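> predicted coordinates and the sequence they were generated for:
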Amino acid sequence: MTFVVHGLPVARGIAIGRAVLVVSSRIDVAHYFIKPEQIETEIDRVRMARNAVAEELQKLQASVALMGPNDAPHELAALLEVHQMLLQDEVLTGGVKHWIVERLYNAEWALTTQLEVVARQFDEMEDEYLRERKADLEQVVERLLHRMKGTAAVLAPTPPRRKRTAEDDDQDLTAADAFDAPLVLIAHDLSPADMLQFKKSVFAGFVTDVGGRTSHTAIVARSMDIPAVVGARSASQLVRQDDWVIIDGDAGVMIVDPSPIILAEYGFKQRQGDLERGRLSRLRHKPAVTLDGQRVDLLANIEMPEDTLGAVKAGAVGVGLFRSEFLFMGRESHNLARLPDEEEQYQAYRRAVDGMKGMPVTIRTIDVGADKPLDGKSQREEFHLNPALGLRAIRWSLADPAMFLTQLRAILRAAAHGEIHLLIPMLAHVSEIRQTLSLIDFARAELDNRGAVHGNVKLGAMIEIPAAALTLKTFLKYFDFLSIGTNDLIQYTLAIDRADESVAHLYDPAHPAVLRLVADTIAECRRQGKGVSVCGEMAGDVVFTRLLLGLGLRSFSMHPSQILAVKQEVLRADTSKLEGWAQEVLEMENPAAALVRT
Ligand code: PEP
Ligand code: MG
């Protein structure tokens with residue numbers, strides 16, 4: 001039966017495919033695809049974990065048997081017996097094997113997927129006693145996951161699609177179609193680290209239950225340039241593995257089990273989208289100059305050095321924001337050192353510099369915390385905190401100077417190979433500015449003492465806290481350029497958690513207060529002849545291009561996938577006509593009404 005789930009649109013376009021459900025478990029597990037030659041190893045990992053847990057349970061059973069009825073109630077022995085049975089159950093073990101062999105999921109992912117499948121069967125049972133066994137199954141799976149920790153395989157770079165076999169051809173049509181169909185990802189939530197893994201994969205689109213438009217999951221989705229919907233509440237509960245789904249990234253909806261008529265309609269829309277992209281791609285080599293001759297820099301936001309490839313391809317004239325924290329994330333689940341050392345970081349920054357072929361690269365120092373945990377669950381989930389107001393970004397760096405100095409040395413060394421701009425996130429206090437600058441000096445001195453080669457960098461600060469936007473003169477005294485992080489600026493100006501879908505309707509980039517802070521920052525930088533750019537999601541949203549041009553902005557940094565659409569807006573704009581209009585918009589009670597796409 002066809003049904004529709006509504007969420008928030010985060011990345012444009014239409015995806016049609018089979019659902020791959022990534023379920024969240026109480027234990028944080030890595031999700032990645034293995035290579036076909038790793039299938040046996042993964043199955044062995046599950047087998048070994050199962051044997052170890054069976055032994056563990058046997059020992060517990062033996063010690064319970066030795067206890068008197070007062071020390072160990074009869075129920076405990078019965079419970080352990082149930083756990084043993086569940087552990088050996090063919091539905092669990094056979095299912096896990098299926099996901100590993102057929103879908104090339106890593107063992108943990110296969111296990112949590114099968115847990116979800118079986119748990120749903122338990123949920124549907126009439127018998128209350130049996131329904132309650134779901135909790136036992138969850139405990140058994142958690143034991144297995146604990147046992148598997150530290151035995152993860154080395155990461156496979158891409159999910160290889162298994163070759164069709166004669167056996168596949170024998171199956172009914174639906175199964176065969178499912179095999180060839182694109183895959184779309186449905187999850188309760190995806191950590192930024194998970195997203196990075198999926199970035200290297202073949203998913204045609206994705207949907208999450210939680211998240212706001214500028215949550216980091218949404219940002220990585222946008223950089224993958226696939227249709228995506230976040231904040232779809234109970235999507236992961238309603239969809240089953242392998243369901244056919246349509247993701248409409250423009251409207252923010254997911255259609256489950258669509259009828260042939262709906263499928264045909266969306267197939268048409270999909271082709272229209274492809275045509276539009278083809279048309280835009282002709283602008284790739286055209287310089288971004290307005291009708292009145294103003295040159296505009298369209299820069300790329302990247303998460304990994306390898307993203308420079310897409311940036312160059314999209315015609316970016318540099319990197320305006322390298323979110324360096326992605327180098328630091330999701331390492332524990334792959335048995336890597338918790339933090340990348342100086343050499344590893346230097347190599348990564350150098351790859352980004354080389355990748356941009358002489359164009360400038362703006363590296364932002366680590367911004368973890370909030371909804372970007374290094375590993376495991378976010379503080380939000382673990383401590384019920386709102387970590388956006390906590391130890392995050394530069395606060396985190398200043399709290400751990402050794403870690404920060406390592407990053408600074410690596411960036412300064414990479415600067416010997418090309419033009420690097422060093423960008424500091426989340427500053428609000430002059431004391432933080434001074435501490436940061438002295439640590440940069442200190443890092444330079446350390447390199448000098450070591451005789452290590454390093455280069456000069458331009459220094460920039462992000463304006464993403466209203467306090468910073470209201471003390472611009474202080475910032476401009478210390479920095480060469482400013483970059484406006486509208487994602488956080490909106491969050492902190494309007495007191496709206498950017499990752500919380502329940503207040504997403506109040507997250508308003510066109511709020512007059514936000515526009516005023518953005519306008520004043522651009523104006524003050526221009527007055528002082530300092531560089532200014534916008535690197536939040538607003539820069540890549542064509543609805544805002546004309547307004548930002550009218551406010552005097554000439555440097556926009558966005559996902560490579562958005563560059564051509566923004567360039568089209570730039571080519572059609574006449575800034576001499578937009579200036580007066582932009583000032584009028586600033587005075588409006590409801591500026592959104594004036595902001596329409598040309
Ligand atoms: C921003 O806040 O606008 C920004 C670009 O930084 P991030 O999205 O990584 O917080
Ligand atoms: Mg930010």
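Great, that's in hand. Numbers count the residues shown, from 1 in each chain. Ligands and ions are numbered 1, 2, ... in the order given.
> how long is stretch 388-395 end to end?
End-to-end distance for stretch 388-395: 11 Å, by Cα to Cα, to the nearest Å.
> that one close to ligand 1?
No - using Cβ under 6 Å from any ligand atom, stretch 388-395 stays clear of ligand 1, coming no nearer than 7.7 Å. In short, each C-beta sits where N, CA and C put it, glycine included.
> all strands for the stretch 1-150 of the chain, in order.
3-6, 8-11, 14-22 (DSSP state E, counting those that start in this stretch).
> got the residues of the stretch 401-550 of the chain near ligand 1?
Contact residues, the stretch 401-550 of the chain versus ligand 1 (Cβ under 6 Å from any ligand atom): 464, 485, 486, 487, 488, 535, 536.
> quick check: residues of the stretch 201-350 of the chain near ligand 1?
So the stretch 201-350 of the chain meets ligand 1 at 219, 321, 323 (Cβ under 6 Å from any ligand atom).
> who does the last one bridge with?
Each beta-bridge partner of residue 323 is listed here, defined by DSSP bridges: residue 364.
> make a markdown table out of the strands of the stretch 1-150 of the chain and add mean neighbour count, distance to residue 493 and mean pLDDT.
Listed next are the strands of the stretch 1-150 of the chain as a markdown table, based on neighbours: other Cβ atoms under 10 Å; distance: least, Cβ to Cβ, whole Å; pLDDT from 0 to 100:
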| stretch | mean neighbour count | distance to residue 493 | mean pLDDT |
| --- | --- | --- | --- |
| strand 3-6 | 15 | 27 | 95 |
| strand 8-11 | 23 | 20 | 89 |
| strand 14-22 | 22 | 33 | 89 |
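> nearest to residue 509, of those strands?
Nearest to residue 509, of all the strands of the stretch 1-150 of the chain, is strand 8-11, at 13.3 Å by Cβ to Cβ.
> wait, which of the residues of the stretch 201-350 of the chain next to ligand 1 is closest to residue 290?
Distance to residue 290 across these (Cβ to Cβ) is lowest for residue 321, with 22.9 Å.
> so is the helix or strand harbouring the closest one next to ligand 2?
For residue 321, the host element (DSSP states H and E) is strand 319-323. No - Strand 319-323 stays clear of ligand 2 (Cβ under 5 Å from the ion), getting no nearer than 8.8 Å.
> okay, buried residues for that strand please.
Across strand 319-323, burial judged by 16 or more other Cβ atoms under 10 Å covers 319, 320, 321, 322, 323.
> what about the residue nearest to the first one when sequence neighbours are not counted, neighbour count?
Spatial nearest neighbour of residue 319, chain neighbours left out: residue 361 (4.4 Å); criterion: Cβ to Cβ, 6 or more residues apart in numbering. When neighbours are defined as other Cβ atoms under 10 Å, residue 361 has 30 of them.
> I'd say residue 361 and residue 320 touch.
No - the criterion here is Cβ atoms under 8 Å, and residue 361 misses it with residue 320 at 9.1 Å.
> now stretch 584-594: how far from the chain's centre is it?
Mean C-alpha position of stretch 584-594 versus that of the full chain (Cα atoms, centre = their mean, to the nearest Å) differs by 32 Å.
> how about stretch 390-407?
The chain centre lies 21 Å from the centre of stretch 390-407; the measure is Cα atoms, centre = their mean.
> what residues does that stretch touch?
Contacts with stretch 390-407, where a contact means Cβ atoms under 8 Å, 6 or more residues apart in numbering, come from 324, 339, 341-342, 345, 365-370, 379, 424-427, 432, 435-436, 439, 442-443, 446.
> how does it look with 7 Å?
By Cβ atoms under 7 Å, 6 or more residues apart in numbering, the surrounding residues in contact with stretch 390-407 are 339, 341-342, 345, 365-370, 379, 424-427, 432, 435-436, 439, 442-443, 446.
> now, those residues that are in helices?
342, 345, 379, 432, 435, 436, 439, 442, 443, 446 (DSSP state H).
> check the residue lying closest to the fifth one once chain neighbours are set aside and give its pLDDT.
Yep, that's residue 435 we're talking about. Leaving out its chain neighbours, the residue that sits closest to residue 435 by Cβ to Cβ, 6+ apart is residue 398, at 5.6 Å. Predicted confidence (pLDDT) at residue 398: the value is 97.
> can you check the one 10 residues further on too?
At residue 408, the pLDDT value in this model is 98.
> how deep is it tucked in, by neighbour count?
For residue 408, which is what you asked about, the neighbour count (other Cβ under 10 Å) is 27.
> again with the one 4 residues further on
Neighbouring residues of residue 412 were enumerated by other Cβ under 10 Å; the total is 24.
> which strand or helix spans residue 563?
Using DSSP H and E, residue 563 sits in helix 560-572.
> pLDDT averaged over the helix or strand just after that helix, what's the number?
Moving toward the C-terminus from helix 560-572, the next helix or strand (DSSP H and E) is helix 575-587. What helix 575-587 shows for mean pLDDT is 97.
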